[in-house]
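[1] mind looking at a prediction? Sequence and model below.
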Amino acid sequence: MRIASLAPSNTEILFALGLGEHIVAVTHMCDYPVAAAQKSKIGSWTSTRVDALSEHKPDVIFSSIYYPPELESYDGPGEIVHLNPKTLGDILSSIRTIGEICGKNTEADMLIRRMERELFDLHPPSAFGKQRPSVYMEEWGKPPMASGNWVPQLVTLAGGQEVLMHPGEPSREVTLAEIVRADPDMIVLHWCGKGNRVDTAEVASRPGWEQLRAVWSGNIHVIHDTYLNRPGPRIIDGIRFLQKSFHTQWGVDK
């Protein structure tokens, strides 16, 4: 089977299922695992070079969340499978779907069970007995975008309380007034495509933000975006990083 992956999350899932050798093309953003960087690049997450895609003669093409407009006129080869996870449960379902299509049902079930076990271990009952820090999660900064979809669930599992968004709700632009009303204990930045290269001082210096509790108390944190923004196996690591931040600042049990 020849597989093209048009999203980093799909690439990570495919490798986790042992399908790395079947991947013939990925995006420029597909950088994990290391072997993914060696694959042929056919565009970015939001733009696909359909001529290059066609040349690779894929049997199946996996996209995720964003559907590149170029695919609307793509006439093959390869079946396009679009995954659109919005919640943690959807992420697990995406893994199962990829496994079924690629003949890796057993591997997909094993990966899902492993993730479920790790999620259970990350969420001990003792954490519920403590005060949860209120958290504003920021997916992008220009303009400020509050993180939706599965991220609020990850915050809850890590021991925090997302103040602006609900699970499954699309990420959206937020106003300073909204954030001031919520006045979170902590701000966590995980800007898409920026890794951990986000300047907390720049965020703290935004006009009007000095009145926020998280700003004047110095509780602005950066987490590498790939651990939270990619709906794949590494979201477990994202929860661990969130837990570490909460535990360090607020004593929330790990």
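    Arrived safely, thanks for sending.

[2] show me where the chain has strands.
    In order along the chain, the chain carries the following strands (DSSP state E): 3-5, 23-25, 60-64, 79-83, 134-141, 144-146, 161-162, 172-173, 186-189, 220-222.

[3] just say which of those strands is most tucked in.
    The highest average neighbour count among the strands of the chain, using mean count of other Cβ atoms under 10 Å, belongs to strand 3-5 at a mean of 28. Glycine gets a C-beta too; all of them are placed from N, C-alpha and C.

[4] now that one: mean pLDDT?
    When pLDDT is averaged over strand 3-5, the result is 97.

[5] so what touches it?
    Here strand 3-5 makes contact (Cβ atoms under 8 Å, 6 or more residues apart in numbering) with 11, 14, 19, 22-27, 30, 42, 53, 56, 58-62, 78, 102.

[6] related to what we said a few turns ago, next, format the strands of the chain as a markdown table and append distance to Ala204.
    Listed next are those as a markdown table, based on distance: least, Cβ to Cβ, whole Å:
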| stretch | distance to Ala204 |
| --- | --- |
| strand 3-5 | 37 |
| strand 23-25 | 41 |
| strand 60-64 | 33 |
| strand 79-83 | 36 |
| strand 134-141 | 12 |
| strand 144-146 | 13 |
| strand 161-162 | 20 |
| strand 172-173 | 20 |
| strand 186-189 | 9 |
| strand 220-222 | 6 |
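
[7] so which of those strands comes closest to Ala201?
    Proximity of these to Ala201 was assessed by Cβ to Cβ; the nearest stretch is strand 220-222, lying at 8.7 Å.

[8] how close does His247 get to Phe241?
    His247 sits 11 Å away from Phe241, going by Cβ to Cβ, to the nearest Å.

[9] those two: which has the busier surroundings?
    Set side by side, His247 and Phe241 show unequal neighbour counts under other Cβ atoms under 10 Å, the larger going to Phe241 at 20 against 15.

[10] thought the more buried one was touching Val222?
    No. Applying Cβ atoms under 8 Å as the test, Phe241 and Val222 come out as separate, 9.8 Å apart.

[11] quick one: His190 from Asn219, how far?
    Distance of His190 to Asn219, computed by Cβ to Cβ: 15 Å.

[12] more neighbours: those two, which one.
    The residue with more neighbours, out of His190 and Asn219 and counting by other Cβ under 10 Å, is His190; that gives 26 against 21.
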